[in-house]
Every structure is written in structure tokens, then in C-alpha cells.
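1. Below are the sequence and a predicted model; questions follow.
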Amino acid sequence: MAYIHSILQNKNFKKWGKRMLFFVGIGIVLGLTGWMVFRNKILNYAWDKATNKLETKGYLLQCETKGFSGLFTTSFTKIKLSLKQDTFVTIEKLDAGIAVIKSIFEGPTLSDLQMDKSRIELVKTPVYCNFCGLSEKKEKTTSTKPFVQRIFDLLKRSVSKIPSTLILNDFVATYQDSSDTMGISIPNVKYKNKDIAGTLHILENENRTSFAIAGTLNRSSLKGKLIIKPVGKKWAELPVIKRKFNLSAGFEEADFELEKLDMDDGVLRVVADGHFQGITVDDRRLADTTVIIKSCSGKLVANFSKDFIEIDSATSLILNKITTHLYASAKLGNDKSYSLKFKANRIKANDFFTSLPEGMFRNLQGIEATGELEYAMQLQLSDNEPYKTIFESELIPYNFKITKMGATDLAKMNGSFMHTFYERGKAVRTFPVGPSNPSFTPIGTIPQSVQTAVMTGEDPMFFGHNGFYKEAIRQSIIQNYVQKRFARGGSTISMQLVKNVFLSRKKTLSRKAEEILIVWLIESQHITTKSRMFEVYLNIIEWGPGVFGIGEAAPFYFAKNASSLTPLECAFLASIVPMPKNYAYFIDSAGFVSDRDWNFVAIRNNMIRHGDIDSADSASFNVKIVGPAARFLRNRKPLDSIPESDLLFPELIPKKE
């Protein structure tokens, strides 16, 4: 420090410094003078160069006035950009400030921009495009940078080009293709000193959705926060989603915060927070009614590189009062592998039920319980070793006990009840499940061969699991992954029973989620015994056109009572449970079961291995249809097209509209 101080006090240094300041000052004065003298010529040159370049592409660029309204601020009025007679860009007034120093080192950069009464109307149809000629045809270049790095660099460059002050007044931009017109209308938006505030309308054909926005954006660190609220009403529907995905979704308020977005050693790290209030979703694939989530918030911590994608374990989601944590990773490349861990924190049972989305668990609405619940799930699979897939899933109770049933009494199977079978959303038949039904067959009189055959085909471990057979689900995941399609399900008899007794047959995510939860409640709380559940199952499942339960299936196929069925006949009945209306396709011309019935073969052979069928029948197909079902074998048509007069219960088949 003393050495530096001595230099500063040196007379020669002071003299040299004064001279430098003098010459720098002279340079600045001369530069500014030259700028003031030649700036209009520079502006006109730049404008003419732009108009000439556009003219070669067939475009006409015009303005009424142009000049400088400040030292480095250009001002234009009545700008027009046209293609032949189509004027698709008009700007009533545009003021743009030039960031001189930044422009020298980084290319043309604006310090501030204000646009008043602007209209941009882009059109692209199969026969016409008014803006396609503006794009520059660039030669393809091979970049050695990973895709993630290129995206980050492009984003950072784009954000850095945003002026430090940006004001848009009465700005409208639309894009029209052959079927739709989309756009954005901004009455006013102002970005200054990192703060954003204004109003915007999302345009979609004839519809308009309005939002008020407020927040911050740091252009250098790429950090920011945005709060979005509907204007003029409490709830706003998200645009585009309904048209693109055929669902209606919206919210009452949303806020987002980007805490981190940077690259480090080839890894893009993203940390972001978000919070929604009053989410509403109307989608018949999700549920057959509107789904409402009062509050949903979460934090995303993610890493991306050319070799992997990772959702860090610090990622969390809070659904009303349910707090969850998520970890997920995907290793990319030739040997792909995936890992997923999900946990819902321990929570009071009543808080858990009240936090479930409205509209998704209607049978459980109003249910009350004591104790606490916790959930954990893990999945790991890979291309190299798919058959070593790991799957774990468990809902853990702590002193849990139901004290009050909800909208539906989950104990109704313990006594006689009325059951309605639905098909395509319509009631097909309603019948009593109990002694008042002459076809009802108590579990004690159902042959053991029937029970064994059905369990062999549908759920071998029915009496050994708590409603969920994790190994079956694991095998299902493996088969679906290996075959790259949905080739196998993992439903147990308990899950099928709950679906039939308590829920609709509509294939929605809501129905499946409610099915899983009701199964767990019935099994974990022992609301209904396993034996009674199996008895109900065997008495209500569809076994043919208008045929329900073993008491009707035995006479329909074999003209005998269930108690008289042979083991091979039981194996056949079990084989058609997954597709009862298509049984005719698995019978040969003589009325015997065909070797095309692979499900029959699998069940028969399995029962032979366990001693439930005599080994002498190891190659037998000696099962002949002799009941009313035999009348349908000649045509081999889909059973939905069979004349009602040939059906066992013709009056119960839904009429075609």
C-alpha cells in the first residue's frame, strides 16, 4: 500500500494522468460531436439497407417519420411492413434507446424500447405465408456443444437482449393457420429496473382470457418471479389446452419463482417454486366430473445433461395438506435405466382424506378416521436387466381406524345388496346378491375346482395378499416395458371386485385411484372377509351375454348346476373371465374347447402341476359346450351382434340407440 501511495504522489505520474484525462475528454467531445453530425445519416443508411434487403424478398418497409428524440434514442412513427398488398405489421410509434457500450462488444443492443399501438398479424396456411420469406436460410453447422448447453446459451443470449426498460401499450400479435387464430393482446406492460407489471389477454379464436401479471426478472442471473391473476373474474381457464388436449383447466391465482438456472461442467441446474390456488380440471379421461384442488404448491430441483436427467430429492409437492417428496432419474444413451422414489409424509388420517382432490374420490367423501397415514413407493428398471426390476409400494397406517363411513358404506358386501352391472355407461342389469336371488351360490357350495381355476387365472395369491399383489404389478411393469406397450395389467380379484361393486367401469385415472384406495381400506381394516369377497366376486362377474355369476354360467355353458362341473369345465370357465363375450372364438366346430384358448391351456396345466386336475388330462380339450351357449358357435360373430332371441337374458342387453 505504501508503494502504491508513493506512485500516486509522484509528480510525473500526476502530470501524465492529467494529460490522459485531457485527451480522453477531447476524444469524448469529438466522438459526441461526430455522432451529432452524422447520426441521422447513419440512421438513414441503416434504414435504407434494411428496406433494400427486405425489398429483394418481396417486402415493403415504410415509416412516416424517423429521427432521434434523444442523444441515443431513435424515434419512428407509423411503421408498416407489407408483403404485396398485405400489411401485416403496423406500429403507430416506436422509441428505441441504443446501449452504446454493450452494442460495441455484443452487437446491436437496446437500452430501452417503447411501442405504442402495435399490430402483428402473421398468417401461415398451405397456400400462403406472409412472414416465411423473412427467415434467413443458414447453412447447417455442426456444433460440438451438447444440446442442453446450446439451449442454455440461446436462452441467456435472448434474455440479455431484453432492454432494461420495455414498455408496450396497446400491443396485439396474432398467428393464423388454416384452422385457428391464436394471439396475445397487451393493453399495457412495463418492465423497468427488474420489475414487471401489466395486463395481457390470451386470444384463441373468438375467446379471450385476461390476466394481470406482476413480478421481477434479473437479466444477468436469469432469476425471476411472476404472479398471475385472472382479470374480471375469480377463475380463469387456461387457453390452448382445451383445443389441444380436449380438457378444460384453470386456476384462481398462480405464482412462480425461478431461483436458479445455470450451467456447471455441462450440467444445467434448475431450481424453481410454484403455487396454484383453486385449480379446476374438467377432463373425462381424468374423472367423469370436475376435479377441484384448493391449493397446490411445489419446488422443483432438476439437473439435465447429455447423459442423464435427474429430479433431485429436494423436489417436493404439497397437495392441500399432503406433503410429498420425489426423486427421479433417467440415464440416457444405449443402456437406459430409470429410477423413481416417491414419499408422502406421515399425516393425520382426517387431513389426508380432506386433502384428496374433490371429484376424484366421491365414494369416500365425508369419511372420518383416527390415526395417521404414510406412503412410500420405489421403482427401478433398466434396458440391460429388465427382469430384475424393483418395485415397492406401501401405504403405512399408524393406529389407523375408520370411525365414520363416507358417501358409500364400504361394508355393504357383508350382507345382501343390489348390484347393477354397467356397460358403456348404461345400466345393463340389476339383481340381488344374496339368498333372494335363486342363482346366488354360497361359497360353501361352489366347487373347489371353480375357486382354484378362477384364482389360477385371475389372482393366485388372493388369500395371501392384502388386496395388492406387488409381484404381479412388478411383472406387469416388466412386460409392458419390454414390449413397449400395455400388454399386461396387475389387477387383483379385490381390485376387480371393488371396481364392480362400488365404482363405474369407466376407464379414468380417478376411478383407478379410488379403486386402489378403497381396496386398501377394505383389506387393511378387514371390513369384509376374504371368503365373503370371493363369494361376491364369483356371484357377480360377467360370464357371458346377460350371464352373471357361477350360478348362471354353469347352466348357460354346460346345462348343469355349478356343483356338477368337472375340473376341466371349471378351467374353461376361468379362462373366459377376461373376455366372456368372446368365448365363441375359442370353441371348435364340434363345440369343444380349442387349442387356440391359450388361457385355458395355461390354467389347465397349472392346475395339473398342483394336483387339482388329473395328470391324465395334460393334453385334454375334452370340454364341450352343450348349454344355450352352443347356439352361438355356428356364426362365430362378435357376441354383441347375436340376436336377442338367442340370449339367455335377452331383456337385459342394452338397446342400441
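-> Now that the structure is in, tell me what you want to look at.
2. can you list contacts of stretch 167-186?
-> 112-126, 187-192, 198-205, 208, 240, 243 (CB atoms under 8 Å, 6 or more residues apart in numbering). The C-beta positions use only the backbone N, C-alpha and C, and glycine is treated the same way.
3. now residue 458: how far from residue 493?
-> Noted for residue 458: a distance of 6 Å to residue 493, by CB to CB, to the nearest Å.
4. Just give the number of residues close to the nearest residue to residue 394 once chain neighbours are set aside.
-> Nearest residue to residue 394 in three dimensions, chain neighbours excluded: residue 376, at 5.8 Å (CB to CB, 6 or more residues apart in numbering). Other residues within reach of residue 376, judged by other CB atoms under 10 Å, total 14.
5. My reading is that residue 376 lies in a helix. Confirm?
-> No. Counting by DSSP: H, G, I helix; E, B strand; the rest coil, one finds residue 376 to be strand, located in no helix.
6. Okay, and the beta partners of residue 291?
-> In this entry, residue 291 is beta-bridged to residue 281, by DSSP bridges.
7. Could you give the number of residues near the closest residue to residue 224 other than its chain neighbours?
-> Closest residue to residue 224 in three dimensions, ignoring its sequence neighbours and counting by CB to CB, 6+ apart: residue 217, at 4.1 Å. Residue 217: 17 surrounding residues under other CB under 10 Å.
8. from the contacts of stretch 167-186, which would you call buried?
-> 112-115, 118-123, 189, 191, 198, 200-204 (16 or more other CB atoms under 10 Å).
9. Roughly how far does residue 291 sit from residue 95?
-> Taken as CB to CB, the span from residue 291 to residue 95 is 48 Å.
10. Oh, that last question was meant for residue 255, not what I typed.
-> Separation of residue 255 from residue 95 (CB to CB): 32 Å.
11. likewise residue 58?
-> From residue 58 to residue 95 the distance is 29 Å (CB to CB).
12. Who has more neighbours out of the two?
-> With neighbours defined as other CB under 10 Å, residue 58 and residue 95 compare such that residue 95 has more, 17 against 10.
13. Am I right that that one is in a helix?
-> No. Read with three-state DSSP, residue 95 is strand and lies in no helix.
14. Go ahead and confirm it touches residue 75.
-> Yes. Between residue 95 and residue 75 there is a contact at 5.1 Å, judged by CB atoms under 8 Å.
15. Apart from its chain neighbours, what residue comes closest to residue 436?
-> That would be residue 416: by CB to CB, 6+ apart, it lies 6.5 Å from residue 436.
16. Please give me every residue in contact with residue 577.
-> The contact partners of residue 577, by CB under 8 Å, 6+ apart, come to 454, 457-458, 541, 543.
17. Helix or strand: which one has residue 420?
-> Assigned by DSSP states H and E, residue 420 belongs to strand 417-423.
18. List the contacts of the helix or strand residue 318 falls within.
-> Using DSSP H and E, residue 318 maps to strand 308-319. By CB under 8 Å, 6+ apart, the surrounding residues in contact with strand 308-319 are 293, 295-304, 323-332, 341, 355, 357.
19. Count the residues that sit near residue 155.
-> Residue 155 has 13 nearby residues by other CB under 10 Å.
20. from here on, count from 28
-> Happy to do that; since the first residue is 28 now, the last one works out to residue 182.
21. where does it fall, phi/psi-wise?
-> Dihedral pair for residue 182: phi -60, psi -40, per degrees, to the nearest 10.
22. In contact with the closest residue to it other than its chain neighbours, which residues?
-> Leaving aside its sequence neighbours, residue 182 sits nearest to residue 249 (CB to CB, 6+ apart; 7.4 Å). Contacts for residue 249 (CB under 8 Å, 6+ apart) come out as 182-183, 186, 285, 288-289.
23. Please apply the same query to residue 454.
-> Contacts of residue 454 (CB under 8 Å, 6+ apart): 447-448.
24. what pairs with it across the strands?
-> residue 449.
25. And it, how far from residue 531?
-> For residue 454 relative to residue 531 (CB to CB), the value is 11 Å.
26. Same check on residue 135?
-> 62 Å.
27. quick one: least confident helix or strand in this structure?
-> Lowest by mean pLDDT, DSSP states H and E among the helices and strands of the chain is helix 29-36, with a mean of 53.
28. can you tell me which of the contacts of stretch 194-213 are in helices?
-> Members of the contacts of stretch 194-213 lying in helices (criterion: DSSP state H): residue 270.
29. in the stretch 178-327 of the chain, which ranges drop under the pLDDT threshold?
-> The stretch 178-327 of the chain contains no residues with pLDDT under 70.
30. Quick check: neighbours of the strand holding residue 345 in the sheet, parallel or antiparallel?
-> strand 318-331 (antiparallel), strand 349-358 (antiparallel).
31. now the contacts of residue 249 as a markdown table including distance to residue 499 and secondary structure?
-> Formatted as a markdown table, the contacts of residue 249 follow (distance: CB to CB, whole Å; DSSP: H, G, I helix; E, B strand; the rest coil):
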| residue | distance to residue 499 | secondary structure |
| --- | --- | --- |
| 182 | 45 | helix |
| 183 | 49 | helix |
| 186 | 50 | helix |
| 285 | 43 | strand |
| 288 | 43 | strand |
| 289 | 45 | strand |
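32. Would you map the helices across the protein?
-> 29-36, 38-82, 127-133, 174-187, 268-272, 376-382, 475-485, 497-510, 520-529, 536-551, 557-567, 577-585, 594-602, 625-636.
33. Flag every buried residue along the last one.
-> The neighbour-count criterion (16+ other CB under 10 Å) identifies 626-628, 630-635 as the buried residues of helix 625-636.
34. which residues are in contact with that helix?
-> 476, 479-480, 483-484, 594-595, 598-599, 601-603, 605, 613, 620, 622, 640-642, 644-645, 647-648, 650.
35. Now do it and helix 475-485, the angle between them.
-> 120 degrees (axes from the mean of the first three to the mean of the last three CA atoms, to 10 degrees).
36. what angle sits between helix 625-636 and helix 594-602?
-> 130 degrees.
37. what are the C-alpha coordinates of helix 625-636, in CSV please?
-> Presented in CSV, the C-alpha positions along helix 625-636 are these (Å, rounded to 0.1, in the frame of the first residue of the first chain):
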residue,chain,number,x,y,z
TRP,A,625,-54.2,-70.3,-24.6
ASN,A,626,-55.7,-69.1,-21.3
PHE,A,627,-57.4,-72.5,-20.9
VAL,A,628,-54.2,-74.3,-21.6
ALA,A,629,-52.3,-72.2,-19.1
ILE,A,630,-54.9,-72.7,-16.3
ARG,A,631,-55.3,-76.4,-17.0
ASN,A,632,-51.5,-77.0,-16.9
ASN,A,633,-51.1,-75.0,-13.8
MET,A,634,-53.9,-76.9,-12.0
ILE,A,635,-52.3,-80.2,-13.1
ARG,A,636,-49.0,-79.2,-11.6
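38. low pLDDT regions in this protein?
-> In the chain (pLDDT under 70), the answer is 28-65, 130-134, 164-170, 513-516, 661-684.
39. can you rerun that using 50?
-> Confidence mapping of the chain against pLDDT under 50 gives the ranges 34-35, 663-684.
40. residues near the residue lying closest to residue 388 once chain neighbours are set aside, how many?
-> Spatial nearest neighbour of residue 388, chain neighbours left out: residue 541 (5.1 Å); criterion: CB to CB, 6+ apart. Neighbour count of residue 541, defined by other CB under 10 Å: 23.
41. could the helices of the chain go into JSON lines alongside distance to residue 300?
-> Below are these laid out as JSON lines (distance: least, CB to CB, whole Å):
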{"stretch": "helix 29-36", "distance to residue 300": "47"}
{"stretch": "helix 38-82", "distance to residue 300": "43"}
{"stretch": "helix 127-133", "distance to residue 300": "31"}
{"stretch": "helix 174-187", "distance to residue 300": "19"}
{"stretch": "helix 268-272", "distance to residue 300": "22"}
{"stretch": "helix 376-382", "distance to residue 300": "20"}
{"stretch": "helix 475-485", "distance to residue 300": "46"}
{"stretch": "helix 497-510", "distance to residue 300": "32"}
{"stretch": "helix 520-529", "distance to residue 300": "37"}
{"stretch": "helix 536-551", "distance to residue 300": "26"}
{"stretch": "helix 557-567", "distance to residue 300": "45"}
{"stretch": "helix 577-585", "distance to residue 300": "56"}
{"stretch": "helix 594-602", "distance to residue 300": "53"}
{"stretch": "helix 625-636", "distance to residue 300": "51"}
